[in-house]
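Undergrad: Sequence and predicted structure below; questions after.
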Amino acid sequence: MLNVIDLRCEYKINPIGIDVRHPRISWKLESDERAVMQSAYEIEVAEDASFEKNLWSSGKVISDQSVHVDLEGLSVESRKRYHYRVRSWNQNGEGSSWSELAYWEMGVLETEEWLAEWISVASVEGKPESEQCPLLRKGFTVKDGMKRARIYASALGLYELELNGTRVGDSYFTPGWTSYKHRLQVQTYDITDQIVSGANVIGAVLGNGWYKGNLVWEGNHSIYGDRRALFLEMHIEYEDGTEDVVLSDGSWRTAGSPILMSELYHGETYDARLELNGWSTIGFDDNGWDSVEIIQQSNAPLIAQENEAVKKIEEIQPIAIIKTPKGETVLDFGQNMVGWVRFSVKGVSGREVEIHHAEVLDKDGNFYIDNMRSAKVTIRYVMKGGEAECYEPRFTFQGFQYIRLIGFDEAIRLEDFTGIVLHSDMASTGQFSCSDPLINQLQHNILWGLKGNFLDVPTDCPQRDERLGWTGDAQMFIRTAAYLKNIAPFFTKWNRDLAADQREDGGVPFVVPHVLDKEGYSSSAWGDAAVICPWTIYVCYGDKRILEEQYESMQAWVNYIRSQGDNEYLWNTGFQFGDWLGLDSKPDSYIGATDKDYIATAFYAYSTSLLQKTASVLGKTEDANEYAELYERIVTAFTEEFVTPSGRLSVPTQTAQVLGLTFGLLEGNAKKRAAAKLIELLEESKYHLTTGFVGTPYLNLALSDNGHNDAAYKLLFQQDYPSWLYPVTKGATTIWEHWDGIKEDGSFWSKDMNSFNHYAYGAIGDWLYRIVAGIDTDEQGVGYKRIMIRPQPGEGLTWAEGRLDSMYGDIRSYWKKTDNGAMELEVTVPVNTTAEIHLPGAVLESVRESGASLIQIVGISSVEQGDNAVVLVVGSGQYTFSW
């Protein structure tokens with residue numbers, strides 16, 4: 001039996017308000033048989049769920065494609081809903097039933113269609129806008145016979161909506177952070193169930209957010225603009241075909257809210273005595289409210305929501321009340337998290353309480369906030385008095401494990417405090433576990449590093465006065481992230497912002513969205529995110545469209561490098577971060593010892609190679625030939641500059657050997673010598689890394705791919721500084737910015753740059769998933785259409801398991817060593833894919849599948865004896881191999 005399940009439109013289940021003019025459909029297949037492939041499919045699109053009137057049909061298409069299927073020839077209209085269904089045929093011509101129905105709904109497609117105006121609190125000449133967050137409201141009437149209603153909303157700053165006294169939607173920090181001058185997202189809300197016939201009230205509250213608030217460590221404010229504003233359209237459709245529209249316009253009223261201050265870095269101040277009960281409901285008297293002011297703001301940047309919105313994902317209860325040596329009351333949540341604290345408090349009117357946030361305690365056990373730099377990360381709450389009051393912030397977030405309580409009663413109850421974890425609502429896809437509890441904690445820390453730093457943009461850290469979308473960190477971690485979560489929409493949005501903020505000469509900002517000065521552009525390994533990130537999304541999700549969209553940006557970056565200096569095949573000019581935070585750096589320097597020109601030219605070659613592959617994928621033959629020739633010339637120049645005639649790299653660092661090996665810049669004797677030199681350097685450091693941001697993500701991959709898997713495992717299991725497990729032994733629950741953020745004696749690395757939630761070094765996850773668990777995709781069958789199951793067990797583990805919910809379905813690899821010295825490998829391959837499976841150390845005659853010899857096993861299409869493994873090609877299904 002073949003079934004079509006899990007229908008998606010642009011990665012999402014039943015999305016509304018999208019503006020993709022050519023939506024793509026994906027689905028998964030399930031079957032109780034092995035080796036099932038799709039041979040054909042049919043898609044139907046209709047106006048309603050009855051499918052009495054089809055708008056479009058693919059007909060029966062002979063194809064095994066079930067991911068990102070274009071609906072060629074379908075023309076979509078603004079604000080219209082489209083229902084669709086899919087059926088499929090297997091390789092024997094046996095068909096499935098129609099799938100369950102799914103839909104997508106378009107948002108507004110043309111700028112000219114917008115009717116609303118941008119409204120703000122009236123300005124006062126000579127005075128800046130108040131820091132108090134404003135409330136805005138408007139009453140409206142709905143006739144009987146309503147069919148459906150939608151709100152399309154955006155803001156300059158952040159916004160939240162209320163309708164008839166209840167919150168609209170479950171998204172936070174809307175409209176999100178984009179390159180606002182070029183791209184400003186609009187969210188769509190289905191409010192059909194919140195509207196009533198007769199009188200209604202729509203309300204909004206605005207916050208500073210990224211648009212108007214403090215950004216960057218220099219205390220910059222109002223980088224994008226100095227006035228908050230709301231943009232809103234409500235469309236109410238009736239059964240008789242008529243429509244009413246409610247707009248943000250001059251008829252709205254405004255007043256101050258209880259939120260007296262709200263900043264992403266500094267926290268929030270809330271005076272509950274100023275609450276206006278029922279302010280967003282009918283019957284509330286707003287006669288004392290002011291009129292809003294219409295401001296001029298272009299609608300051209302308006303786009304539909306692209307990535308998953310930030311949402312409340314989970315709740316964490318504190319585990320302990322601590323009385324510090326200084327006598328302060330501190331709560332420990334047991335996990336370094338990102339979000340805020342919801343709390344209950346009771347007291348007299350006007351009484352003020354404060355909550356301060358910290359990631360760690362100092363060596364004496366006291367509350368420590370020096371690493372927050374200028375970020376105040378403080379919640380102040382003034383009580384209205386009477387009954388118990390419950391509060392949580394709206395427009396700020398903190399990175400913390402500990403909170404300090406000031407002004408609270410002595411009798412603290414843990415149940416009065418709850419940590420609310422917020423991040424972009426990406427679907428979880430990957431899991432990893434193994435026989436070693438410290439490695440499992442490392443995996444936990446990698447995941448929580450992602451959770452803490454994927455709040456609408458991929459930030460470097462979530463706690464201090466920074467929280468920026470550093471391009472280098474993003475490209476280093478993206479492959480690890482693509483295993484743990486479905487990050488395709490998240491990085492599609494972010495890469496579009498990168499392209500929007502890219503300079504005319506192709507230079508790429510250090511951070512995206514770009515909020516640094518005009519010099520903050522174009523370092524190697526950072527700017528290469530323009531190429532590496534789109535390519536990685538293509539490889540992991542089979543998404544060809546992101547390559548099409550980003551191709552000009554990718555080209556521009558490579559051509560920018562090519563135009564630097566006197567030699568177009570070497571990059572030896574301009575500012576470079578180098579091997580940032582490399583442990584072989586000079587005293588008082590953040591930059592490792594690896595030659596900057598070496599790193600720059602290596603990444604130049606790597607990006608050019610990926611651009612050449614991209615051109616080939618897109619059928620741009622002339623470009624592909626040009627970049628293939630450019631790549632060869634770069635490699636030649638690299639060899640002449642950095643490789644001696646005898647094949648020795650002139651840069652004797654761990655990072656130099658790693659980049660040369662990983663990026664394919666070395667051949668023959670030079671490759672052998674680099675691998676040997678890397679081992680020599682590791683032996684000198686007693687198998688401890690000295691690599692920084694540039695070398696660390698590739699270190700273990702370079703070892704395993706060049707015959708030194710044992711050395712990679714040895715590195716992994718080191719517990720003293722510097723190592724991945726050293727922070728684990730110090731109680732870390734996330735990845736640290738520095739290997740010794742907390743030193744052996746309990747002191748700290750520094751005050752000014754010491755984040756305890758910094759995902760970059762979590763890139764070791766890529767090695768855990770692809771090498772230890774052994775789950776990878778063949779670049780000739782991207783998106784896990786052709787799966788590679790190639791685990792490389794090593795000393796220290798008796799078993800490891802990886803699971804990945806790919807675009808085709810669940811992939812699983814679980815290996816274990818048995819007591820008698822044998823091996824077992826359990827594999828799951830989803831329908832409509834194949835897998836190449838390597839059984840390490842196996843001899844063909846000894847291999848069994850579910851206890852039987854491999855002769856005529858259903859699902860296995862080929863078997864051969866490799867040098868040190870048996871290699872099989874199998875179809876979909878579950879398999880258990882032993883040898």
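TA: Sure thing, it's come through.
Undergrad: What segments of this protein are helices?
TA: 209-212, 437-453, 471-484, 488-501, 529-541, 544-562, 596-617, 621-642, 654-662, 668-684, 696-705, 709-716, 725-729, 764-767 (DSSP state H).
Undergrad: residues contacting the residue nearest to L331 when sequence neighbours are not counted?
TA: Excluding its sequence neighbours, the residue lying closest to L331 (Cβ to Cβ, 6 or more residues apart in numbering) is P318, at 4.3 Å. C-beta here means a position set from N, CA and C on the backbone, and glycine is covered the same way. Residues near P318 by Cβ atoms under 8 Å, 6 or more residues apart in numbering: 331-334, 403, 414, 417, 419.
Undergrad: From these, keep the buried residues only.
TA: Among these, those that count as buried by neighbour count (16 or more other Cβ atoms under 10 Å) are 331, 333-334, 403, 417, 419.
Undergrad: Low-confidence stretches in this structure?
TA: In the prediction, the chain carries no residues with pLDDT under 70.
Undergrad: Output the longest strand belonging to it.
TA: For the chain, the strand that runs over the most residues, judged by DSSP state E, is strand 329-345.
Undergrad: Restrict it to CA atoms and write it as CSV.
TA: The C-alpha coordinates for strand 329-345 follow below in CSV (Å, rounded to 0.1, in the frame of the first residue of the first chain):
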residue,chain,number,x,y,z
THR,A,329,18.7,36.0,46.1
VAL,A,330,19.2,34.1,42.8
LEU,A,331,17.2,31.5,41.0
ASP,A,332,18.9,28.8,38.9
PHE,A,333,16.9,27.5,35.9
GLY,A,334,19.5,24.7,35.2
GLN,A,335,19.7,25.6,31.6
ASN,A,336,21.3,28.6,29.7
MET,A,337,18.2,29.7,27.8
VAL,A,338,16.9,32.6,25.7
GLY,A,339,13.6,34.2,26.2
TRP,A,340,12.2,35.7,29.4
VAL,A,341,10.7,35.0,32.8
ARG,A,342,7.0,35.0,33.6
PHE,A,343,6.4,35.6,37.3
SER,A,344,3.7,36.2,39.8
VAL,A,345,4.0,38.7,42.6
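Undergrad: what angle sits between it and helix 437-453?
TA: 50 degrees (axes from the mean of the first three to the mean of the last three Cα atoms, to 10 degrees).
Undergrad: Distance of I202 relative to L630?
TA: Per Cβ to Cβ, to the nearest Å, I202 is found 56 Å from L630.
Undergrad: out of these two, which sits in the busier spot?
TA: Ranked by neighbour count (other Cβ atoms under 10 Å), I202 and L630 place I202 first, with 25 against 21.
Undergrad: who's in contact with G283?
TA: Per Cβ under 8 Å, 6+ apart, neighbours of G283: none.
Undergrad: what's the span of stretch 457-475 from first residue to last?
TA: End-to-end distance of stretch 457-475 (Cα to Cα, to the nearest Å): 13 Å.
Undergrad: Please tell me how far that stretch is from the chain's geometric centre.
TA: Centroid separation for stretch 457-475 versus its chain: 11 Å, with Cα atoms, centre = their mean, to the nearest Å.
Undergrad: How about stretch 571-588?
TA: Stretch 571-588 sits 27 Å away from the centroid of its parent chain (Cα atoms, centre = their mean).
Undergrad: neighbours around V124, how many?
TA: 9.
Undergrad: Can you give me the separation between it and D362?
TA: Relative to D362, and taking Cβ to Cβ, V124 is found at 45 Å.
Undergrad: do P437 as well
TA: Distance, P437 to D362, by Cβ to Cβ: 27 Å.
Undergrad: My guess is T329 contacts A411. True?
TA: No. T329 is not in contact with A411 according to Cβ atoms under 8 Å; the separation is 10.7 Å.
Undergrad: When the two are compared, which one has more neighbours?
TA: Set T329 next to A411 and count neighbours by other Cβ under 10 Å: T329 wins out with 17 against 5.
Undergrad: For the nearest residue to A155 once chain neighbours are set aside, give the beta-bridge partners.
TA: Among residues not flanking A155 along the chain, L230 sits closest, at 5.4 Å (Cβ to Cβ, 6+ apart). Beta-bridge partners for L230, by DSSP bridges, are I119, A155.
Undergrad: quick one, what contacts L230?
TA: Neighbouring residues of L230 by Cβ under 8 Å, 6+ apart: 118-120, 136, 153, 155, 159, 204, 206, 248, 252.
Undergrad: now do T329
TA: By Cβ under 8 Å, 6+ apart, the residues touching T329 are 321-323, 404-405, 408, 412.
Undergrad: May I see the PyMOL selection of the buried members of the residues you listed?
TA: Entered in PyMOL, the line below selects the buried ones among the contacts of T329, by 16+ other Cβ under 10 Å:
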select buried, resi 322+404+405+408
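Undergrad: wait, doesn't G288 sit right on A255?
TA: Yes. G288 lies in contact with A255 (Cβ under 8 Å); the separation is 7.4 Å.
Undergrad: Which one's more surrounded, those two?
TA: Set side by side, G288 and A255 show more neighbours around A255, with 17 against 7, by other Cβ under 10 Å.
Undergrad: residues touching the more buried one, list them.
TA: Here A255 is in contact with 134-135, 276, 279, 286, 288-290 (Cβ under 8 Å, 6+ apart).
Undergrad: Quick one, which of those are buried?
TA: 134-135, 276, 279, 286, 289.
Undergrad: Now go through those and say which are in strands.
TA: Judged by DSSP E, these include 134-135 as members of strands.
Undergrad: Farthest pair within the buried ones among the contacts of A255?
TA: With distance counted by Cβ to Cβ, no two of the buried ones among the contacts of A255 lie farther apart than P134 and D286, which are 12.9 Å apart.
Undergrad: re earlier: of the helices of the chain, flag the one that's most buried.
TA: Most buried of those by mean neighbour count (mean count of other Cβ atoms under 10 Å) is helix 654-662; its value is a mean of 28.
Undergrad: about what we covered before: any chance of the buried ones among the contacts of A255 in JSON lines, plus distance to S96?
TA: Compiled in JSON lines, these are given as follows (distance: Cβ to Cβ, whole Å):
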{"residue": "P134", "distance to S96": "54"}
{"residue": "L135", "distance to S96": "53"}
{"residue": "L276", "distance to S96": "56"}
{"residue": "W279", "distance to S96": "53"}
{"residue": "D286", "distance to S96": "57"}
{"residue": "W289", "distance to S96": "58"}
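Undergrad: Nearest to D473 among the buried ones among the contacts of A255?
TA: Ranked by distance to D473 (Cβ to Cβ), the buried ones among the contacts of A255 are led by P134 at 35.2 Å.
Undergrad: chain center to the longest strand of the chain: distance?
TA: For strand 329-345 - counting by Cα atoms, centre = their mean - the centre lies 24 Å from the chain centre.
Undergrad: Likewise for stretch 413-424?
TA: With Cα atoms, centre = their mean as the basis, the mean position of stretch 413-424 lies at 22 Å from the chain mean.
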